[in-house]
Structures are given as C-alpha cells and as structure tokens.
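Trainee: I'd like to go over a predicted model; first the sequence, then the structure.
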Amino acid sequence: MSKAPRGPRKAVRRGPWSREEDAKLTDHIAKHGLGRWSDIPRLAGIERGGKSCRLRWLNYLRPDLKRAALSQEEEDLIIQLHSIIGNSWTLIAACLPGRTDNGVKNFWNASIKHKLRRRGIDPDTHEPMVDEGTRNGDAQHILPSHLAAGSNTCSHGALPLPDSITSYVDTDPLELQHGVVLVQPVVSSSSKVGSDPSSTGSDTGEQCPNGADRAASCSI
DNA sequence: AATTTGACCAACCGCCTTGCT
DNA sequence: AAGCAAGGCGGTTGGTCAAAT
C-alpha cells in the first residue's frame, strides 16, 4: 500500500450498479486483472469508489460465484461453523465454495437466525434460550441432529469441515473463543484472517475457486 | 384486489489492520 | 515512530418480491 499522490476527491456514484458499470468493471478485470482497487474506478471509467468496486466484484461479479439458493448441507455447515468460530463470515464463507461472506452473513441474519430462535435456540450462543416457554435444556437442539452427535461432516458428507476448524471442535469454550486467531497460521501466511497478499496487486488473485483470495483458504 | 409480512439480497458505513513514506 | 492511505471485515440498512391474510 503505497502512498500514491491523489488528486481532488471526485464525486462518486452510489446506489445500485447499472449493467454498464458491471460491464466496465468485468471487462477491465478480465483484461488487466486485479490491481489496486483505488485505481480501478479511474482506469475502468467508473464513477465509483474503489471500495465499492471491490465489493461489487467480490459479492456479485466474480465468475466463480454460486447464485443458487443455499442447500441444506450448506445451511447445516454454516450453523456448525458459526457455533465454533462465531461471526467470522469470511472464514465460514471460505468453506463454502462459491459463496461470499456477505451472502453467508445475509443468509444467517435473514433466515437461519430466525429458524434457530423458533426452535428455542439462541443464535448467538447456540445454547437453548432461557426465556420461559422456550426453556428445554436439550443440547441436541442446538445443532441439527446429525451434527450434534459430534460428526465433523454434514449430513451427506459432501462438505466436511476443514481440519483447521474441526481441530477446535473439542476444545473448551475459552479456547474456542480464540479459534479464529489460532486457525490463521494454518490457513494463511498473513497475520490477519482473510488477508491474502495475492488478492491485491496480483493478476493471480482469483485463482482460488471458492473466492479464498479474500479469505482463509479452506482445506476441504 | 389491496395490504401485510417475511425472506432474501445488494450496498453502504464504520472500524481495524497493514504497509509504505 | 508517526502519519496516512488502502484494503478488509462485520454490522446494518433499505429495497424487492412472493406468499399469506
């Protein structure tokens, strides 16, 4: 991250992206690869901020994205991973090929959270909720039955948990709180989750099929 | 047919970390 | 060592659409 001299701040467009903007961004990245996000709007002729371009590309335009609804296996895996590593959406998304952190987060907040609450489970702690009427004390309800038994695979075994995460399943809660941090050396050489040096300033930033350019590479 | 509700998605915001000067 | 810009992440908001009432 160099300190490039910058001109006066240009007014940037906001709101939904137009087809033309999408095409410009896609075309630019196809021709030149991913460079500095802050330069891309100017080079591609888009009146947006670099941050906005980055978000649009990662969450919507990337060719390897899955657009289909999340499967039951994916949903179960998200619940299981969340119970282990919490709101580390980037890490969770890295274990779901073609899914984005934003998508996983959205699905969690919009759907899974409500489902768990309806089942009397606190979505934050994955413990039974203590409100009267929802008290049941049955830990088996925290996770889908096939997951609660301690399996490290989802119902059909299609999406096994990566070793870097399953290794923390049996640790005590205090250790689990640091699971994400402890996982980092395994999944990335960077000191920060989701920070992969190849994701910026490199033409090879999109090599990982599941978008792990921006997240911990999953060892599935 | 009109309104309400819930699910889903796209996008922005603020904060933090990283790396360069 | 400090300051700054860029990148990255999680939280939140607002819009759209379909199903239910």
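Mentor: Arrived safely.

Trainee: isn't A:Gly103 right up against A:Leu58?
Mentor: No: assessed by Cβ atoms under 8 Å, A:Gly103 is found out of contact with A:Leu58, at 10.3 Å. Any C-beta I mention is one placed from the backbone N, CA and C, and that applies to glycine too.

Trainee: helix, strand, or coil at the residue nearest to A:Phe107 when sequence neighbours are not counted?
Mentor: Nearest-residue entry for A:Phe107: A:Leu70, 5.8 Å, with adjacent residues in sequence omitted and distances by Cβ to Cβ, 6 or more residues apart in numbering. Put simply, A:Leu70 is coil when judged by DSSP: H, G, I helix; E, B strand; the rest coil.

Trainee: separation between A:Leu70 and DNA strand C?
Mentor: A:Leu70 sits 16 Å away from DNA strand C, taking Cβ to the nearest atom of the strand, to the nearest Å as the criterion.

Trainee: that residue contacts A:Thr100, doesn't it?
Mentor: No: the pair A:Leu70 / A:Thr100 is not scored as a contact, 11.5 Å apart, by Cβ under 8 Å.

Trainee: the more surrounded of those two?
Mentor: A:Thr100 (23 against 18; other Cβ atoms under 10 Å).

Trainee: right, and the more buried one touches A:Leu65 too?
Mentor: Yes: assessed by Cβ under 8 Å, A:Thr100 is found in contact with A:Leu65 at 6.8 Å.

Trainee: using PDB, list the CA coordinates for stretch A:112-120.
Mentor: Written as PDB, here are the backbone C-alpha positions of stretch A:112-120 (Å, rounded to 0.1, in the frame of the first residue of the first chain):
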ATOM      1  CA  ILE A 112     -31.000 -19.200  10.000                       C
ATOM      2  CA  LYS A 113     -31.200 -16.800  12.900                       C
ATOM      3  CA  HIS A 114     -35.000 -16.900  12.800                       C
ATOM      4  CA  LYS A 115     -35.100 -20.600  12.400                       C
ATOM      5  CA  LEU A 116     -32.900 -21.200  15.400                       C
ATOM      6  CA  ARG A 117     -35.000 -18.800  17.500                       C
ATOM      7  CA  ARG A 118     -38.200 -20.600  16.600                       C
ATOM      8  CA  ARG A 119     -36.500 -23.700  17.800                       C
ATOM      9  CA  GLY A 120     -35.700 -22.100  21.100                       C
END
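
Trainee: does DNA strand B sit close to stretch A:18-38?
Mentor: No: Stretch A:18-38 lies out of reach of DNA strand B by Cβ under 7 Å from any atom of the strand, never closer than 8.1 Å.
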